[in-house]
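>>> Sequence and predicted structure, then a few things I'm wondering about:
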Amino acid sequence: MNSETEYIAEGRIFHGFVPHAMGTKLDLLAVGTEAAAAEALWTAFCAELSALEAALNRFDPRSEVARFNASESKAGFPLSPAVQRLLDLSREFWFRTEGLFDVTRGHGMDLEEAGATLDFGGIAKGYALALLRDRLAGAGIASAFVNFGDSAILGLGTHPYGDCWKVSLPNPYGGSQVAEFSLKDRALSVSGNTPGYTGHIIDPRTGRANVERKLVAVTGPDPLEAEVLSTALMLADKGQRLRLRRAFPDCESEIYTV
Amino acid sequence: MEEKKKGVDLGLRKFIKELGYMTGGAALLSTTPWLASCTPEKLAEIGNAKARVALIGTGSRGQYHIHNLRNIPHAELVALCDVYPANLEAAAALCPEAKCYTDYRRLLEDKSIDGVIIATPLHLHARITLDALAAGKHVFCEKAMARTLDDCKAVYEAYRNTDRALYFCMQRMYDEKYVKAVQLISSGLIGDVVGMRCHWFRNADWRREVPSPELERHINWRLYKEYSGGLMTELGSHQLEVCTWVAGKIPTRIAGFGDIVYWKDGREVYDSVNVTYQFADGRIISYESLISNKYNGMEEQILGHAGTVDLSKGVYYLEEDNLVSGMRQLLEQVKTGVFAAVPTAGPSWRPELRAKYVPHPVLEGKFSISDGESSVGFVADGSDVILSAFCQSCITGEKAKDVVEEAYCSTVLCLLGNQAMEEGRTLTFPEEYKIPYMKF
């Protein structure tokens, strides 16, 4: 996996950048770290991210998920521990979101059902962020900012000159900003449509793409929960929104019409 | 006359006021010096005074001005003049209190008239303007300035030697979205201006209904060279003015092609024109107009190395919105000790499908945008504000800086464009039509 790194000795700040991962880019800014320690952490994370992408990319016929999706007998398919873990997590989230978050693309997590295939696109970035968060904690790095493709963001500790990390959400259709978030040991996940990319969130109940000019932003301590909830809220009706917010009590969410 | 509410043009005046507050008035003097004569303070100074104005030429554009005059508190329309009875009657019905004339020279003899508004066919602009200035009237004349280069020069010279105010209806100079956009351009928003592209496309024959055949040339004057410079003077003059306003310079070389492509109905002026103007530094204005296809509409694009402003739509686009991406900003922050929000959150960033050009509005809130289809004018396009500024000048006697000069520059460029197309050669800007205002 291609990556670039830079170390700013003054402030002991490490910047790592992956230009292409899971269809987007990733930036890590780690504050208060030695260069060597950060490099080691970064190298290990990049390897992990690379392996994850190789396993989950359903468009790559060699990936585990693609081979699983193509297999005749899904029950007998030996899943790796990492993918099995993601599947278990996804099943739990499917339940908590009343089926709105569904990695089986409308098959209600029933992998035996004809046509059921796996797509971890709605959880993979959050999962990768959780892995990186754990590595940072393990290395004793308390302040860091991670941006995975703008839609999955993690702010740990504080900005070197502030009391949190501040992120704003510009309106993708132009005009003024939609919202601003203060992150301190919290993740931010944004779902929605943009002028150039609309209809990528599919309602598992109908198979139809959501094309609303709408943004959902969720913050919470767990990047996985935030990512799952932001996707589910894109599709939820009024009653479901209320119940979803109760089912994810650690998260704060907002829906914007843009 | 009905009670007029104080100012249709409050919007722009409010804007002028804000400009003044923001920059101590310096902005007014740099990109828009003509606005200095119609500030809210100066409007307040005239109190309840009213300009007594007359309208010469009562066709569709003249009647459009009548509607605007009704909303200008410091204006009183006291006389009308036209040689075409049907238009004069229609205008008289709009303002029955105005005295009607069929000979503008008789109208000019009325000493109680402060200023005249000229909305006649183009070939009459120069003669009536010169006569009106000679009669001591302030003058507001429709664009373009005149039908010929020599007439333009004569009007310009007369203006240099008069204390009367003279306006040509270059309404974009008084249109808030243009004013703001040009300010943004001079502030470096789109980097170095590297070129300009203007076009005006319609799909219509440009004809008016003629009640009787002998009136054809009279009513459809736009189609005949004796009276009209065709698409260049009727449409191009506005757009080329914007280009010279932005560039602060005049092109030195002119080349183009034009012809009657579709409306082969006996008209003499081209229905398709394509003229290239080149500045001495190499930059180009590409001008195009066609009236048998309207797909491209009307646009005035100022191209900068860092972005594009579409003046007519009041929006700008940046070449690389990502250049100041959130992460880059954040890195800059931690290096320089700044703490602020970084604008980086959003739906997933995708390298291949990212919408590259996001329109950013030049003004906040709603503003008026023309689709370019009307041949009369549209609401709040600056025509009302410039007319109001003229009426103010009729009272104060203060000239509006640069308006005549800008009208001269754009009209001369239009006429040179016609000449280049007709002669099929590249022209160099003629020495005899240069004026001190022009920078090359």
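Thanks, I have the structure now.
>>> starting at the chain centroid, how far to the strand or helix carrying residue B:93?
If you go by DSSP states H and E, residue B:93 is part of helix B:85-94. Mean-position distance between helix B:85-94 and its chain equals 26 Å (CA atoms, centre = their mean, to the nearest Å).
>>> Tell me the buried residues in it?
B:87-88, B:90-92, B:94 (16 or more other CB atoms under 10 Å in any protein chain shown). Every C-beta, even on glycine, is put in place using the N, C-alpha and C of the backbone.
>>> cool, stretch B:143-162 as well?
Buried residues in stretch B:143-162, counting neighbours by 16+ other CB under 10 Å, are found at B:143-147, B:149, B:151-156, B:158-159, B:162.
>>> what does that stretch contact?
Applying CB atoms under 8 Å, 6 or more residues apart in numbering or on different chains, the contact partners of stretch B:143-162 are B:122-123, B:125-127, B:129-130, B:133-134, B:166, B:168-170, B:227-229, B:233-234, B:237-238, B:241, B:404-405, B:407-408, B:410-412, B:414-416, B:430, B:432-433, B:435.
>>> how deep is the closest residue to chain B within the stretch 51-200 of chain A tucked in, by neighbour count?
Per CB to the nearest CB, residue A:196 is where the stretch 51-200 of chain A lies closest to chain B, at 3.0 Å. Counted by other CB atoms under 10 Å in any protein chain shown, the residues lying close to residue A:196 total 15.
>>> what do you get for residue A:146?
Using other CB under 10 Å, residue A:146 is surrounded by 24 other residues.
>>> Any idea what it is bridged to?
Per DSSP bridges, the residues bridged to residue A:146 are residue A:28, residue A:154.
>>> Now do the contacts for residue B:332.
Residue B:332 touches residue B:338, counting by CB under 8 Å, 6+ apart.
>>> how far away is it from chain A?
11 Å (CB to the nearest CB, to the nearest Å).
>>> tell me the pLDDT at that residue?
Looking at residue B:332, its pLDDT reads 80.
>>> Let me know whether the longest helix belonging to chain A sits next to chain B.
What stands out as the longest helix in chain A, according to DSSP state H, is helix A:35-56. No. Contact of helix A:35-56 with chain B (CB under 8 Å from any CB of the partner chain) is absent, the minimum separation being 14.1 Å.
>>> Who are the packing partners of the helix or strand that comes right after that helix?
Counting by DSSP H and E, the next helix or strand C-terminal to helix A:35-56 is helix A:64-70. Applying 3 or more CB pairs under 8 Å, 6 or more residues apart in numbering or on different chains; DSSP states H and E, one finds that helix A:64-70 contacts helix A:35-56, helix A:81-96.
>>> For the ones you listed, could you give me CSV that also reports mean neighbour count and mean pLDDT?
Compiled in CSV, those are given as follows (neighbours: other CB atoms under 10 Å in any protein chain shown; pLDDT from 0 to 100):
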stretch, mean neighbour count, mean pLDDT
helix A:35-56, 17, 95
helix A:81-96, 16, 95
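>>> what's the closest of those to residue A:166?
helix A:35-56 (22.9 Å; CB to CB).
>>> tell me the angle that closest one makes with helix A:81-96.
Interaxial angle, helix A:35-56 versus helix A:81-96 (axes from the mean of the first three to the mean of the last three CA atoms, to 10 degrees): 70 degrees.
>>> what are the C-alpha coordinates of helix A:35-56, in CSV please?
C-alpha atoms of helix A:35-56 as CSV (Å, rounded to 0.1, in the frame of the first residue of the first chain):
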residue,chain,number,x,y,z
ALA,A,35,9.3,9.7,14.9
ALA,A,36,10.4,6.1,15.1
ALA,A,37,7.5,5.0,17.3
ALA,A,38,5.0,6.7,14.9
GLU,A,39,6.7,5.2,11.9
ALA,A,40,6.4,1.7,13.4
LEU,A,41,2.8,2.1,14.3
TRP,A,42,2.0,3.5,10.8
THR,A,43,3.8,0.7,9.0
ALA,A,44,1.9,-1.9,11.0
PHE,A,45,-1.4,-0.1,10.5
CYS,A,46,-0.9,0.2,6.7
ALA,A,47,-0.2,-3.5,6.5
GLU,A,48,-3.4,-4.2,8.5
LEU,A,49,-5.4,-1.8,6.3
SER,A,50,-4.0,-3.4,3.2
ALA,A,51,-4.9,-6.9,4.3
LEU,A,52,-8.4,-5.7,5.3
GLU,A,53,-8.9,-4.1,1.9
ALA,A,54,-7.6,-7.2,0.1
ALA,A,55,-10.2,-9.3,2.1
LEU,A,56,-13.2,-7.0,1.8
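>>> show me where chain A has helices.
Using DSSP H, helices in chain A cover A:35-56, A:64-70, A:81-96, A:124-138, A:223-235, A:238-247.
>>> Packing partners of the fifth one?
Using 3+ CB pairs under 8 Å, 6+ apart as the contact criterion, the secondary-structure elements in contact with helix A:223-235 are helix A:81-96, helix A:124-138, strand A:152-156, strand A:186-192, strand A:201-202, strand A:214-220, helix A:238-247, strand A:252-257.
>>> one step back: tell me the gap between the longest helix of chain A and the middle of its chain.
For helix A:35-56 - counting by CA atoms, centre = their mean - the centre lies 16 Å from the chain centre.
>>> So which elements touch it?
Going by 3+ CB pairs under 8 Å, 6+ apart, helix A:35-56 lies up against strand A:4-8, strand A:13-21, strand A:24-31, helix A:64-70, helix A:81-96, helix A:124-138.
>>> So which residues of the stretch 201-350 of chain B form strands?
For the stretch 201-350 of chain B, applying DSSP state E, counting those that start in this stretch gives strands covering B:253-259, B:272-278, B:284-290, B:298-304, B:307-310, B:315-318.
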